[in-house]
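Q: please find the sequence and the predicted model below.
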Protein chains: 2
Amino acid sequence: MTSKFLSTSDIESIILRIGIDLFLDALIEHLETGFAALGTTGVLIPPRSGIHYTDPKLGLIEWMPASIGKGLATLKLVGYHPSNPQDQNLPTVISSICVFETTSGHLKGLLDGTFLTALRTGAMSALATKMMGNPQSKKLGIIGCGAQAVTQVHALSRVMDFDEILAFDTDQKTLDSFSDRIAFTGLSVRRFEKQTIEQLLEQSDVLCTCTSEEPGTGPLFGDFRNKKALHINAVGSDFPEKYELPVGLLERAFVAPDFYNQAIVEGECQQLKPEQIAPELGTLLNQPEIFERLQGELSVFDSTGHAFSDYVTSLLFLHYAEQFSLGTDIALECIPRDPKDPYSFLSPAAILEQKAAINLQRTS
Amino acid sequence: MTSKFLSTSDIESIILRIGIDLFLDALIEHLETGFAALGTTGVLIPPRSGIHYTDPKLGLIEWMPASIGKGLATLKLVGYHPSNPQDQNLPTVISSICVFETTSGHLKGLLDGTFLTALRTGAMSALATKMMGNPQSKKLGIIGCGAQAVTQVHALSRVMDFDEILAFDTDQKTLDSFSDRIAFTGLSVRRFEKQTIEQLLEQSDVLCTCTSEEPGTGPLFGDFRNKKALHINAVGSDFPEKYELPVGLLERAFVAPDFYNQAIVEGECQQLKPEQIAPELGTLLNQPEIFERLQGELSVFDSTGHAFSDYVTSLLFLHYAEQFSLGTDIALECIPRDPKDPYSFLSPAAILEQKAAINLQRTS
């Protein structure tokens, strides 16, 4: 009984064989189908938990479980170590995803969670934008041009025919490098300054906020009332007391969270009363009649990171790995042939050798 | 940046190269040193948690974290599926252990947790027996002769010079096969019946209870007062309301749990008041003056499974794997070269190929 391990080069092979654009298209489609069919029966997605420490460095390791009663469960393991970039030239977040068979507890596979999280976060915004954004949207505004912005632009460009990116970042270097990082999408970047951020908002048809503002310092901009139709994906990293959007705007908008229980603790929904919050994105997918109206209005997708999107994304990678015969199969779990003898996973030859050695010891 | 995966044949190689006896000796020694040095500073061992489901089958997947502030943390992943033996010829428990670097969140290694748990459970009882049992002990009583009994007999035989095993099990088949399963220790088995269980207790110098009694059906035997010195390892699977030992005996005995917070919820300590419970085994290791007295008295090690013993055991295997150049190194985490570009983990050649494909699309 083996487990399938996907290396970074297996992930690369999948991306190259499918094509980076078509892979995202497939992921968006799988997320749409998956969330629409999710329902509640058999779904187990408890809140993330983890261990937080300050020694040897400030950091945490978290696990995000998802089981939906279809024979598989995923557990995303997430390390968050803010000193990584400076101390070790590593990203703050390093992650992997375990896939279990819930019929037996067997670890079916293990694969990256870092790139997968970036992809699924982009794909979820793309799905929300396809549903709630104006199909004629041409200008995509980006506030916060770090890592998350790259997959936001890429994924959203797969569902809308944008002609320009309107970009702002408080860090000039990040803003400088942004057009290079998204050059592969073919989209050009128009830069905005802190003084002209209102123009960015006015001209955007769709907006993604992907900042890492400290808790207590938001919102990113003041409320603006002269705009009737705009879809916003509020993506940036989430914490209690961290807000990206002004409460006035949220109160006027249709605000759909990815995951209600998480969004009211660490998302934009913290700023709203329960009756001001729309159903979760997955629920809305089964109410398509609502979208036509929304496309001419103010809507917000409150993205906090749904463990089911990790589930869908990791299974899609495992599916392609199987199709292309990729991955390394390793027998990891020492399964005994006789359940009452823990040593019986050893090969019969090894057991004989061991017994011979013991007899030798005894007679010597 | 790679992760080290140990296969079952890597585990086998380590066991064969070191020798199964000397490996256990080393493990007992590492557990003794590790628990004695554990202290409380930087130690994070939160209670196990998990997801429990009934669809498609009754089962659960649990995770047991352990971090002790020394740069590494372990997370044991445990599947418990009671229908495994009958439906799939698999053990009820299937498990693996993740080892993380807490300086970065990087997954340093992954290895089996099934065999490792069997070993460490035996080794912990051996450590407790070495500390609290009479050094002249000759007869080892075993009540419940399933899988756990095998590593109990093996590990305890490394710290005491037993000349005979006194065995009882409610299941005749299990009792029948027991002497074969422990034949490698060179110890012979004397069988007892339900009617003669009191004789087993009277004649034992050390006793291990390793049953899977249903909650609410214990204790395994009535109290017995005509025995002054006996060390008992209460090992069997633990649940709320599951007891193996009679409360009267516990009240007269020195009862040391492996992990207080766990033992009062699911161990023998459920039956005691806080003031009747001795310090944890790890604490006692720093009070060696207590042991000489205990060796002539009634003592109980309440073993519920300590995540730190998984930590010690998995690091010992990784240490030997490194020494013998075993294991498979896989780059699992897609670490971007530019932290602001999630796609930059792709090889430069792959990125070029992808860009060429995109340009081709665009010009066609």
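A: The structure has been received and is ready for your questions. What you are looking at is a predicted structure, and each value in this text was computed from that prediction instead of being measured.
Q: excluding chain neighbours, what is closest to residue A:148?
A: Distances taken as Cβ to Cβ, 6 or more residues apart in numbering or on different chains place residue A:210 nearest to residue A:148, at 3.9 Å, with adjacent residues excluded. All C-beta atoms are positioned from the backbone trio N, CA, C, and that covers glycine.
Q: before we move on, what about residue A:130?
A: Nearest to residue A:130 is residue A:159, by Cβ to Cβ, 6+ apart, at 4.2 Å.
Q: low-confidence ranges, the stretch 101-250 of chain A, go.
A: In the predicted model of the stretch 101-250 of chain A, residues A:237 satisfy pLDDT under 70.
Q: count of neighbours near the residue nearest to residue A:130?
A: Residues near residue A:159, counting by other Cβ atoms under 10 Å in any protein chain shown, number 22.
Q: element containing it?
A: Here residue A:159, judged by DSSP states H and E, is contained in no helix and no strand.
Q: quick one, what contacts it?
A: Applying Cβ atoms under 8 Å, 6 or more residues apart in numbering or on different chains, we find residue A:159 in contact with A:28, A:126, A:127, A:129, A:130.
Q: tell me which helix or strand comes right after the helix or strand where the third one lies.
A: Read that as residue A:127. Residue A:127 belongs to helix A:114-132 when assigned by DSSP H and E. The C-terminal neighbour of helix A:114-132 among helices and strands, as given by DSSP H and E, is strand A:139-143.
Q: list the helices and strands the helix or strand following that next one packs on?
A: Sequence order places helix A:147-156 as the next helix or strand after strand A:139-143, per DSSP H and E. Packing partners of helix A:147-156 (3 or more Cβ pairs under 8 Å, 6 or more residues apart in numbering or on different chains; DSSP states H and E): helix A:20-38, helix A:114-132, strand A:139-143, strand A:206-209.
Q: got the CA positions of stretch A:241-249 in PDB?
A: The C-alpha atoms that make up stretch A:241-249 are tabulated as PDB, following Å, rounded to 0.1, in the frame of the first residue of the first chain:
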ATOM      1  CA  GLU A 241      -9.300  43.400  13.700                       C
ATOM      2  CA  LYS A 242      -7.700  43.500  10.200                       C
ATOM      3  CA  TYR A 243     -10.000  45.200   7.700                       C
ATOM      4  CA  GLU A 244      -9.200  46.300   4.100                       C
ATOM      5  CA  LEU A 245     -12.600  47.900   3.200                       C
ATOM      6  CA  PRO A 246     -14.500  50.800   4.700                       C
ATOM      7  CA  VAL A 247     -17.500  49.700   6.700                       C
ATOM      8  CA  GLY A 248     -19.900  52.200   4.900                       C
ATOM      9  CA  LEU A 249     -19.100  50.500   1.500                       C
END
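Q: ok so, going back, so the helix holding residue A:127 versus helix A:20-38, what angle?
A: 70 degrees (axes from the mean of the first three to the mean of the last three Cα atoms, to 10 degrees).
Q: run the chain-centre distance for helix A:114-132.
A: 7 Å (Cα atoms, centre = their mean, to the nearest Å).
Q: stretch A:150-169 now?
A: 17 Å.
Q: before we move on, what about stretch A:333-345?
A: Here the centre of stretch A:333-345 is set off from its chain's centre by 38 Å, with Cα atoms, centre = their mean.
Q: buried residues in it, which are they?
A: Residues A:333, A:334, A:335, A:336, A:339, A:340, A:341, A:342, A:343, A:344, A:345 are the ones in stretch A:333-345 that count as buried (16 or more other Cβ atoms under 10 Å in any protein chain shown).
Q: right, and residue A:286 touches residue A:38 too?
A: No: under the criterion of Cβ atoms under 8 Å, residue A:286 makes no contact with residue A:38, lying 9.7 Å away.
Q: between the two, which one's more packed in?
A: Higher neighbour count among residue A:286 and residue A:38: residue A:38, with 21 against 13, using other Cβ under 10 Å.
Q: now for that one: which residues touch it?
A: Counted by Cβ under 8 Å, 6+ apart, residue A:38 has contacts A:68, A:282, A:308.
Q: try it again with 10 Å
A: Applying Cβ atoms under 10 Å, 6 or more residues apart in numbering or on different chains, we find residue A:38 in contact with A:45, A:68, A:280, A:282, A:283, A:285, A:286, A:306, A:308, A:311, A:312.
Q: which residue packs closest to the second one, ignoring adjacent ones?
A: Across the structure, with Cβ to Cβ, 6+ apart as the measure, the residue nearest residue A:68 apart from its sequence neighbours is residue A:43 (5.1 Å).
Q: what of the fourth one?
A: Nearest residue to residue A:282 in three dimensions, chain neighbours excluded: residue A:35, at 3.8 Å (Cβ to Cβ, 6+ apart).
Q: so that neighbour touches residue A:120, yeah?
A: No: with contact defined as Cβ atoms under 10 Å, residue A:35 does not count as touching residue A:120 (11.5 Å).
Q: shared neighbours of the two, anything?
A: Shared contacts of residue A:35 and residue A:120, counting by Cβ under 10 Å, 6+ apart, come down to A:306, A:308, A:309, A:312.
Q: roughly how far does residue A:286 sit from residue A:261?
A: For residue A:286, the distance to residue A:261 (Cβ to Cβ, to the nearest Å) stands at 19 Å.
Q: cool, residue A:93 as well?
A: 22 Å.
Q: between the two, which one's more packed in?
A: Ranked by neighbour count (other Cβ under 10 Å), residue A:93 and residue A:261 place residue A:93 first, with 21 against 13.
Q: hang on, the earlier thing: neighbours of the residue nearest to residue A:282, how many?
A: 23.
Q: contacts only, for it.
A: A:124, A:127, A:258, A:280-286, A:306, A:308-309, A:312.
Q: quick one: low-confidence ranges for the stretch 251-364 of chain A?
A: For the stretch 251-364 of chain A, the ranges with pLDDT under 70 are A:350-364.
Q: recalculate using a threshold of 90.
A: For the stretch 251-364 of chain A, the stretches flagged by pLDDT under 90 are A:288, A:292, A:339, A:347-364.
Q: which residue ranges of the stretch 201-350 of chain A form strands?
A: A:206-209, A:230-234, A:254-257, A:298-302, A:328-330 (DSSP state E, counting those that start in this stretch).
Q: which of the ones you listed sits closest to residue A:142?
A: strand A:206-209 (5.4 Å; Cβ to Cβ).
Q: so which of the contacts of residue A:159 is surrounded by the most neighbours?
A: residue A:129 (29 neighbours).
Q: kindly provide the distance from residue A:346 to residue A:141.
A: For residue A:346, the distance to residue A:141 equals 62 Å [Cβ to Cβ].
Q: and residue A:152, by the same measure?
A: Applying Cβ to Cβ, the value for residue A:152 to residue A:141 is 11 Å.
Q: try residue A:30
A: Residue A:30 is 27 Å from residue A:141, by Cβ to Cβ.
Q: distance between the ends of stretch A:160-173?
A: Chord length of stretch A:160-173, first to last residue, is 28 Å (Cα to Cα, to the nearest Å).
Q: give the buried residues for it.
A: Buried residues in stretch A:160-173 (16+ other Cβ under 10 Å): A:160, A:162, A:165, A:166, A:167, A:168, A:169.
Q: closest to chain B out of these?
A: Chain B has its nearest neighbour among those in residue A:169, at 10.1 Å by Cβ to the nearest Cβ.
Q: wait, doesn't the closest one sit right on residue A:179?
A: No: Residue A:169 lies out of contact with residue A:179 (Cβ under 10 Å); the separation is 11.8 Å.
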